[in-house]
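Peer 1: Return atomic coordinates for the entry below.
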Amino acid sequence: VMIRKSCLEQVDLYREFFRYSQDYDLWLRISQYFDLAIMPELLYQYRVTFQAISVSQRRIQLKYARIAKKMHAERLSRGTDSYNKIVLSYPNGLPNCDSKDDKYNYHVFMAKEFTCAKNYQNAWKELWSAWQMCCWKWEVYYLLVRSLLDNNLLTIYRKLRKYNLNDVKE
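Peer 2: Numbers count the residues shown, from 1 in each chain. Below is the predicted model of the structure:
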């Protein structure tokens, strides 16, 4: 991330309440005043472990992100948000997630990453590990189908689903 100090000062930096999604809340607030851009070239590499916040606290991170989105919508419509009210409602923050799902979330996260990179062999290994832990979750089956079908086949399938055979003229 590259950002001017004056930009950060204008939006009041991080807000403590958003423990696992402070960046997301910050970017939403910045986007109200400044243009954001994504650089086209890859400038870094990162590794993911099951202890990483984006994996181990995924559920709670998504809850914080939903609150940040709600507050963003409030600011857009009313010019202010209900941050102080939320902080008073949850003085200790939202409750943390149960750590028993950490490894499952890690395997699913890695399966998604490998599938997007078309590294299907490693995706299947991660899916197998996730399935052994939680075989009843639909996410594992979806990712398995997605990794088995080439992305082009998925695109064709989606187009065919939208195509109405009744529109065909003989």
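Peer 1: make it CA atoms for all contacts and neighbour counts henceforth
Peer 2: Fine.
Peer 1: element containing the residue sitting nearest the centre point of the chain?
Peer 2: Computing the C-alpha centroid of the chain and ranking residues by C-alpha atoms, centre = their mean puts residue 62 first, at 7.2 Å. In this assignment (DSSP states H and E), residue 62 forms part of helix 58-78.
Peer 1: Next secondary structure after that helix?
Peer 2: Assignment by DSSP H and E places the next element after helix 58-78 at helix 83-89.
Peer 1: neighbouring contacts of that following helix?
Peer 2: For helix 83-89, contacts defined as C-alpha atoms under 8 Å, 6 or more residues apart in numbering pick out 17, 71, 93.
Peer 1: shaky segments in this protein?
Peer 2: Within the chain, the ranges that satisfy pLDDT under 70 run 50, 95-102, 150-170.
Peer 1: Helices of that one, residue ranges please.
Peer 2: For the chain, applying DSSP state H gives helices covering 5-11, 22-31, 53-56, 58-78, 83-89, 102-116, 120-133, 138-148, 151-162.
Peer 1: how distant is the longest one from the center of its chain?
Peer 2: What it means is helix 58-78. Taking C-alpha atoms, centre = their mean, to the nearest Å, the mean C-alpha location of helix 58-78 is offset from the chain mean by 13 Å.
Peer 1: now do the second one
Peer 2: Shown here is helix 22-31, whose average C-alpha point lies 14 Å from the average C-alpha point of the whole chain (C-alpha atoms, centre = their mean).
Peer 1: Can you list the helices and strands that that helix packs against?
Peer 2: Helix 22-31 is packed against helix 5-11, helix 58-78, with contacts defined by 3 or more C-alpha pairs under 8 Å, 6 or more residues apart in numbering; DSSP states H and E.
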